[in-house]
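Undergrad: dropping a prediction and its sequence here:
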Amino acid sequence: MQKIAVIGAGKWGSALAYALSQKNEVVITSRTKRELENFVTLEEALSCEYLIMAIPVQQISTWLKEHFTFSGQKVLVVAKGIEASTGKFLNEIYNEYVPQENIAFLTGPSFAAEVIQALPTALVVNSKNKELALEFADMFPDFIKGYTSDDVIGSEIAGAYKNVIAIAAGICEGLKLGNNAAAALTSRGLVEIARFGKQFGAQADTFIGLSGAGDLFLTASSTMSRNFRVGLGLAAGKSQEKILEELGEVAEGIGTAYALHDIAIKHELYLPIAKEVYEMLEGKSPQESLKDLLSK
Ligand SMILES: NC(=O)C1=CN([C@@H]2O[C@H](COP(=O)(O)OP(=O)(O)OC[C@H]3O[C@@H](n4cnc5c(N)ncnc54)[C@H](OP(=O)(O)O)[C@@H]3O)[C@@H](O)[C@H]2O)C=CC1
Ligand SMILES: O=C(CO)COP(=O)(O)O
């Protein structure tokens, strides 16, 4: 039995702690203390051989700098997003602290609320170290089908970018533009993600699999998605602050839209949906943005 520590007891960290505890010994820690039997100090968590990192992307650089020293741990990063302040991908951030052979990234369509009910789910463990990917995939319980991939950058881009497309899809729904418009937006979103991924060396197949189309279709079609709900809020004319206050949870698509905006300028990339999401977050009218995206 493996001893695993989950770091970050939010929705996803808690759901994964539950899932992994079916076959392994699991402890959990978080910034805010919880009254849980298996809640431990950060120091104790960091001494475990396996770490599940569930801290959101926009906070992770500071957290790693303040708290993390590598001592041989095997790390599975489960967040999805791109750092807004630097445009760095998660694997670039973590690679400053953890060697490539010790790190893996989790992607795929997976609402925490369904994982915690033990509903059937398929996930992908992505790592340059195939043995490590298999080791993590093997830790999942029967209700989670674990796949592996070595396309770290492709799966990471897919997982991060779909949150931005989900915001656009939420706006489309909020504005009642219909099913045709939603399908157009989602499929064009997938093309936009894949084109962006190609620029950074991703494998094309990743985008039609679980990490790409799978997670995009889930997130861009359900009010269970926080990012989709951000879109609904924007369509209703709410401010970013008000939306986040009502949400009470992280929505990585916001920071990622800002990151994509900077990356697009730096690399001169055409990212039409991400650009409109960024502009709506900056105050452009959703009606105007969706018209620019969907009309001639
Ligand atoms: N929820 C889901 O269905 C899924 C989420 N993800 C991804 O997982 C990541 C986490 O999401 P989720 O758990 O849902 O988010 P939540 O909003 O539920 O929880 C956020 C977590 O981050 C911790 N946190 C926030 N800021 C800091 C900080 N400055 N230092 C340390 N810890 C901090 C919080 O700690 P505390 O509460 O102790 O203060 C909390 O544990 C995101 O990247 C998300 O995109 C991926 C797949 C599915
Ligand atoms: O990544 C997710 C599902 O795979 C969760 O999406 P939200 O953060 O939009 O809820």
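TA: The structure has been received and is ready for your questions. Ligands and ions are numbered 1, 2, ... in the order given.

Undergrad: by contact count, what packs against the helix or strand where F217 lies?
TA: According to DSSP states H and E, F217 maps onto helix 215-219. In this structure, helix 215-219 packs against helix 152-174, helix 179-199, with contacts taken as 3 or more Cβ pairs under 8 Å, 6 or more residues apart in numbering; DSSP states H and E. In this view, the C-beta of every residue, glycine as well, is placed from N, C-alpha and C.

Undergrad: mean confidence for stretch 89-108?
TA: Mean pLDDT, stretch 89-108: 98.

Undergrad: what do you get for stretch 245-258?
TA: Rounded mean pLDDT across stretch 245-258 is 97.

Undergrad: ok, stretch 30-48 next?
TA: 97.

Undergrad: in that stretch, which residues are buried?
TA: For stretch 30-48, the buried set under the neighbour-count rule, 16 or more other Cβ atoms under 10 Å, comprises S30, F39, V40, A45, L46, C48.

Undergrad: that older thread, the helix holding F217 vs ligand 2: in contact?
TA: Yes - against ligand 2, helix 215-219 shows contacts by Cβ under 6 Å from any ligand atom at D215, L218, T219.

Undergrad: quick one: secondary structure of Y270?
TA: With DSSP: H, G, I helix; E, B strand; the rest coil as the basis, Y270 sits in coil.

Undergrad: right, I mislabeled it, should have said F105
TA: Per three-state DSSP, the local secondary structure of F105 is strand.

Undergrad: i'd like the first residue to be 490 from this point on
TA: Noted, 490 is the first residue going forward, which turns the last one into F594.

Undergrad: against E581, how distant is it?
TA: F594 sits 12 Å away from E581, taking Cβ to Cβ, to the nearest Å as the criterion.

Undergrad: more neighbours, these two?
TA: F594 (29 against 14; other Cβ atoms under 10 Å).

Undergrad: now that that one has come up, it's in contact with A647, right?
TA: No - with contact defined as Cβ atoms under 8 Å, F594 does not reach A647; the gap is 10.8 Å.

Undergrad: before we move on, what SS does Q606 have?
TA: coil.

Undergrad: which bits of the stretch 540-689 of the chain sit near ligand 2?
TA: Within reach of ligand 2 by Cβ under 6 Å from any ligand atom, the stretch 540-689 of the chain has these residues: K569, P598, S599, F600, N652, A655.

Undergrad: including neighbour count and distance to ligand 1, could these go into a markdown table?
TA: Listed next are those as a markdown table, based on neighbours: other Cβ atoms under 10 Å; distance: Cβ to the nearest ligand atom, whole Å:
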| residue | neighbour count | distance to ligand 1 |
| --- | --- | --- |
| K569 | 30 | 4 |
| P598 | 21 | 9 |
| S599 | 26 | 5 |
| F600 | 19 | 5 |
| N652 | 30 | 7 |
| A655 | 30 | 11 |
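
Undergrad: run a quick neighbour tally on the residue of the chain found nearest ligand 1.
TA: Ligand 1 sits closest to G499 of the chain, with a gap of 1.8 Å, by Cβ to the nearest ligand atom. G499: 17 surrounding residues under other Cβ under 10 Å.

Undergrad: can I assume it is in contact with V739?
TA: Yes - applying Cβ under 8 Å as the test, G499 and V739 come out as touching, 7.0 Å apart.

Undergrad: what sits in contact with each of those two?
TA: In the contact map built from Cβ atoms under 8 Å, 6 or more residues apart in numbering, the residues linked to both G499 and V739 are P545.

Undergrad: from the buried residues of stretch 519-537, which ones fall inside helices?
TA: A534, L535 (DSSP state H).
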